[in-house]
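Next one to model:
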Amino acid sequence: MDLLEYKCPNCGGAIGFDPAKQELLCPYCDSVISVEALKSMDEELQRAQENQPIDWGYEGEQWREGEQAGMVVYSCNSCSGEIIGDETLGATTCPFCGNAVVMTSKFAGTLRPDVVIPFKTSKKEALAALEKHYVGKRLLPRVFKDRNHLDEIKGVYVPFWLFDVDANAQIDYHATTVRFWSDSDYNYTETSVYRAYREGTIGFNRVPVDGSEAMDDTLMEAIEPFEMQEAVDFQTAYLAGYFANKYDVDAEQSVERANERIKNSTESAFAETVQGYDTVAARNTNIQLQSGGICYALLPVWLLGTSWQGNKYTFAMNGQTGKFVGDLPLDKAAYKSWFLKIFGITTAVLLAASQIIVTFL
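Modelled structure (predicted):
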């Protein structure tokens, strides 16, 4: 099996990439190893070939059709323990000896990422962000924070396709202005109708689209933006100590999602230039997209999973910027009380207003 393992050259202990130092750190002897020093591993990666799945059958009973689909077994070079994962698993930690390993074939040849954004936030910071996420949530059940169970927290390099696109747009808008005035006899309303036309080109650089079926696209888009100017050339050393997957949604499959995002952004950008009107509506829209290139990237994401009362809740944090998102449970009793309180206040205000009008008349 083509596995790369990361061991300290001084004591032999397992090392991992440290977001604070932006280098590899040995937790046993405190040695710091530069990413540049491990470039030889990337040369080996260039020569790596696709792994062949191990035969999962055993004497006495064979796997049924479909049971092996997507399953791959690797053998740790240090302890010989078996690492079981799906076909997209690219980097992980041996569950037996703790060594960080990279499945080289998952990033070999045309599968090799062009760039990677290294983690800048730690697991400790991700946990702190989860605690902060609870603060100020009035409709969160009071016992959730204390009784929910943290199932897992892991740093994952998620595969993304980055698209460079020029959008040429011609958009025709229907706009209006409304003027009101009164005299002693009548109230007047004047509506003026205008045609506004906008034409131009907008360039989009490195628009990200999630390349993993396992990741929720909405969740991944919610933790954007990533600061793409901090992306560096891919090296396997950045993966040490983290999980990483290769893409299972290819660039061609991701084009439609990228085009949708770019067209929506183009429409929003052009609409912001139509100002000074009371209403604006696009009447005719023509947007032509011209591809400027595609880049394959691994972007850092912290994934946290909690469970409470039989339900699972997933949270995600941008491993570069620290932006945190995720849904929380709703205290139905608190929501009902809050709704009735707001409804009662609104009713009281309306009644008071009606009494003032009656008194005035």
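
Would you mark the buried spots in stretch 121-136?
Going by neighbour count (16 or more other Cβ atoms under 10 Å), the buried part of stretch 121-136 is 121, 125-126, 129-130, 133. From N, CA and C alone the C-beta is placed, and that goes for glycine too.

again with stretch 180-198
A196.

Use 50 as the first number from now on
Understood, numbering begins at 50; the last thing we discussed is stretch 229-247.

Other residues contacting that stretch?
218-228, 319, 322-323, 326, 329 (Cβ atoms under 8 Å, 6 or more residues apart in numbering).

go again using 10 Å as the cut-off
218-228, 318-320, 322-329, 331-333 (Cβ atoms under 10 Å, 6 or more residues apart in numbering).

Please indicate which of these are buried?
Those of these that meet the buried threshold are 218, 220, 222, 224, 319-320, 323, 326, 329, by 16+ other Cβ under 10 Å.

In three-state terms, label T315 for me.
helix (DSSP: H, G, I helix; E, B strand; the rest coil).

before we move on, the earlier item: filter the buried residues of stretch 170-185 down to the ones in helices?
Mapping the buried residues of stretch 170-185 onto helices (DSSP state H) picks out 174-175, 178-179, 182.

picking that back up, which members of the buried ones among the contacts of stretch 229-247 define the maximum pairwise distance?
Largest separation among the buried ones among the contacts of stretch 229-247 by Cβ to Cβ: A218 and Y326, giving 19.1 Å.

Low-confidence regions, the stretch 50-199 of the chain specifically.
Counting by pLDDT under 70, the stretch 50-199 of the chain has low-confidence residues at 50-54, 87-140, 142-159, 186-188, 191-197.

actually the stretch 300-410 of the chain, sorry about that
The stretch 300-410 of the chain contains residues with pLDDT under 70 at 379-410.

can you give me the helices in it?
For the stretch 300-410 of the chain, helices defined by DSSP state H, counting those that start in this stretch occupy the ranges 300-320, 381-409.

on that earlier part again, between the buried residues of stretch 170-185, which is nearest K361?
L179 (14.5 Å).

in the stretch 250-399 of the chain, which spans are strands?
Here the stretch 250-399 of the chain has its strands, by DSSP state E, counting those that start in this stretch, at 281-282, 292-294, 328-357, 360-367, 373-375.

so what secondary structure elements neighbour the shortest one?
Identification of packing neighbours for strand 281-282 by 3 or more Cβ pairs under 10 Å, 6 or more residues apart in numbering; DSSP states H and E yields strand 164-165.

ok, the strand it packs on: who's next to it in the sheet?
Strands that pair with strand 164-165, judged by DSSP bridges, come out as strand 281-282 (antiparallel), strand 328-357 (parallel).

ok, and which of these has the densest surroundings?
Compared across the strands paired with strand 164-165, strand 328-357 shows the largest average neighbour count, a mean of 17 (mean count of other Cβ atoms under 10 Å).
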